[in-house]
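Novice: Structure for the following, please:
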Amino acid sequence: MDIKAPRVVVAGGHSAGHIEPAMNFADALRRLAPAAEITALGTVRGLDTTLIPARGYPLELIPPVPLPRKATRALLHIPSRLRASIRAASAVLDQVQADVVVGFGGYVAAPAYLAARRRRLPIVIHEANIRPGAANRMAARLTPHVYTASPDVRLKNGTAIGIPLRPAITGLDRPATREAARRKFGLSTDGPVLLVTGGSQGATTINATASGAAAALQRAGVQVLHITGPRHSVEADDPSYVVLPFVDEMQYAYAAADFAICRSGAMTCAELAAVGLPAAFVPLPDRGGEQRLNARPVVAAGGALLVNDANLTPAWIESALVPILTDPARLAAMSARASATGAPDADTALARHVLSIAQQHRPAR
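Specialist: The predicted structure is shown next:
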């Protein structure tokens, strides 16, 4: 096998926040080295068995090992559940003759890292969150190959490259796609559009507040594309207020919109910055402030607003957002500032690093 086509094991599971950047990296690696053999490690917990096969990658399951957020040296002493999971991960590494392990955190990452260490394989880490989880904090002590979403991520040996995103997002030309995207959702091609989303599961506060401001938005001539999440519903009689439970291809929602109200998960912040869509970020109040930190760079740059969950009200939308939504010059300025904080080539950058690391690890065959 040519070294340009390495055998790579990707470990990032349980949540979409771990799986999505892992799969985006895998796609980029395959574009650079089409013959690369890529195997994903996962567990039966979470979204692994749903999301990973849908992206076309073989999935090998190992026992899940949830770890506390706080990394300690005790993790290296390998309690029994972790030991069994490491054995299973080691068997996969042997089976596929892995050249490198690339981890993104989550339940599957720690066993993969420790199995790779036993096999003396290079370990590459990517951390998307401002506050790294225990697996990546532990593994950062084992490898110099650590890549992060931003310089604000405090992780040993960390190099900031951004978060790997889909080309459908990073290659989006919002102005060129706007008219078609609006027609796709039944929106008028004229006037401002507010995108409202609470993420894949929806957000009760955001849903209730946006629907409560529907009349004020209508009076101001603002259309709304409201993605409620599959478990939520919102009543809307106005045709300029479009309600959908889910949108599979979010690039079209971003193209249709001029502004967004949303949570500030790491992937959401990265995607909006990449497409230059300004937003009002409403961090989850129960994550120890992590989502607030995710939004900090684009807010500091002037490309977004930050509002506490408790302060998000229909009156706030009317007083704070409507003046922005009805000011094209301000929208354009915020869009440019948001775009300046984006990292649209993170997937390719990480893939190139991994190819180089694999090449250094084993001679050409």
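
Novice: check contacts around Val96.
Specialist: Shown in contact with Val96 (C-beta atoms under 8 Å, 6 or more residues apart in numbering): 7, 9, 37, 39. From N, CA and C alone the C-beta is placed, and that goes for glycine too.

Novice: In whichever strand or helix holds His18, which residues are buried?
Specialist: Following DSSP states H and E, one finds His18 within helix 16-32. For helix 16-32, the buried set under the neighbour-count rule, 16 or more other C-beta atoms under 10 Å, comprises 16-30.

Novice: do stretch 303-312 as well
Specialist: 303-307, 309, 312.

Novice: That stretch: end-to-end distance?
Specialist: 19 Å (C-alpha to C-alpha, to the nearest Å).

Novice: Repeat that for stretch 113-125.
Specialist: 9 Å.

Novice: Please report how far Ala109 lies from Ala135.
Specialist: 4 Å (C-beta to C-beta, to the nearest Å).

Novice: Between those two, which contacts overlap?
Specialist: Residues touching both Ala109 and Ala135 by C-beta under 8 Å, 6+ apart: Gly103.

Novice: Contacts made by the worst-scoring helix or strand of the chain on mean pLDDT with the rest, please.
Specialist: The weakest-scoring helix or strand in the chain, judged by mean pLDDT, DSSP states H and E, is helix 48-54 (a mean of 87). By C-beta under 8 Å, 6+ apart, the residues outside helix 48-54 that reach it are 13-14, 16, 19-20, 23, 40, 42, 59, 61, 108.

Novice: May I ask which two of those are separated the most?
Specialist: Between any two of these, the greatest separation by C-beta to C-beta is 19.0 Å, found for Glu20 and Leu61.

Novice: rewinding a little: tell me which of the contacts of Val96 fall in helices.
Specialist: Among the contacts of Val96, no residue falls in helices (DSSP state H).

Novice: from those residues, which ones fall inside strands?
Specialist: Judged by DSSP state E, strands contain the following of the contacts of Val96: 7, 9, 37, 39.

Novice: ok, the second one - how many residues close by?
Specialist: If I follow you right, that is Val9. Using other C-beta atoms under 10 Å, the number of residues around Val9 comes to 25.

Novice: just to revisit the earlier point, for the helix holding His18, which helices and strands make contact with it?
Specialist: On a contact count with 3 or more C-beta pairs under 8 Å, 6 or more residues apart in numbering; DSSP states H and E, helix 16-32 meets strand 7-12, strand 37-42, helix 48-54, strand 100-105, strand 123-127, helix 266-275, helix 346-361.

Novice: what's the average pLDDT for it?
Specialist: In this model, helix 16-32 carries a mean pLDDT of 92.

Novice: All the helices of the stretch 51-200 of the chain, in order from the start?
Specialist: Here the stretch 51-200 of the chain has its helices, by DSSP state H, counting those that start in this stretch, at 80-96, 109-118, 134-139, 167-170, 174-184.

Novice: tell me how far the ends of stretch 65-83 are from each other?
Specialist: In stretch 65-83, first residue to last residue: 10 Å (C-alpha to C-alpha).

Novice: Asp345 versus the residue most central in space within the chain, what's the distance?
Specialist: What sits nearest the mean C-alpha location of the chain, by C-alpha atoms, centre = their mean, is Met267, with 2.4 Å. Separation of Met267 from Asp345 (C-beta to C-beta) stands at 16 Å.

Novice: got a list of what the residue nearest to the centre of the chain touches?
Specialist: 16-17, 20-21, 128, 163, 165 are the contacts of Met267 under C-beta under 8 Å, 6+ apart.

Novice: Low-confidence stretches in the stretch 201-350 of the chain?
Specialist: Per-residue confidence for the stretch 201-350 of the chain (pLDDT under 70) gives these ranges: 201-202, 230, 232, 287-288.

Novice: Could you rerun that using 90?
Specialist: Within the stretch 201-350 of the chain, the segments meeting pLDDT under 90 span 201-204, 228-239, 245-246, 248, 284-290.

Novice: What segments of it are helices?
Specialist: Ranges of helices within the stretch 201-350 of the chain are 204-212, 214-219, 250-256, 266-275, 290-300, 314-316, 322-325, 328-340, 346-361, based on DSSP H, counting those that start in this stretch.

Novice: Out of the ones you listed, which gets nearest to Glu235?
Specialist: Per C-beta to C-beta, nearest to Glu235 of the helices of the stretch 201-350 of the chain: helix 204-212, 7.2 Å.

Novice: Which strands or helices does the closest one pack on?
Specialist: strand 193-197, strand 223-227, strand 259-262, helix 314-316.

Novice: Apart from its neighbours in sequence, what residue is nearest Thr326?
Specialist: In space, Thr326 comes closest to Ala220 once its chain neighbours are excluded; the distance is 5.7 Å by C-beta to C-beta, 6 or more residues apart in numbering.

Novice: Apologies, that question was intended for Val234.
Specialist: Ser211 (4.6 Å).

Novice: Surely that neighbour touches His226?
Specialist: Yes. At 7.3 Å, Ser211 counts as touching His226 under the criterion of C-beta atoms under 8 Å.

Novice: What is the nearest of the buried residues of helix 16-32 to Phe246?
Specialist: The shortest approach to Phe246 among those belongs to Ala16, at 13.0 Å (C-beta to C-beta).

Novice: which non-adjacent residue is nearest the closest one?
Specialist: Leu47 is the one closest to Ala16 (C-beta to C-beta, 6+ apart), at 5.9 Å.
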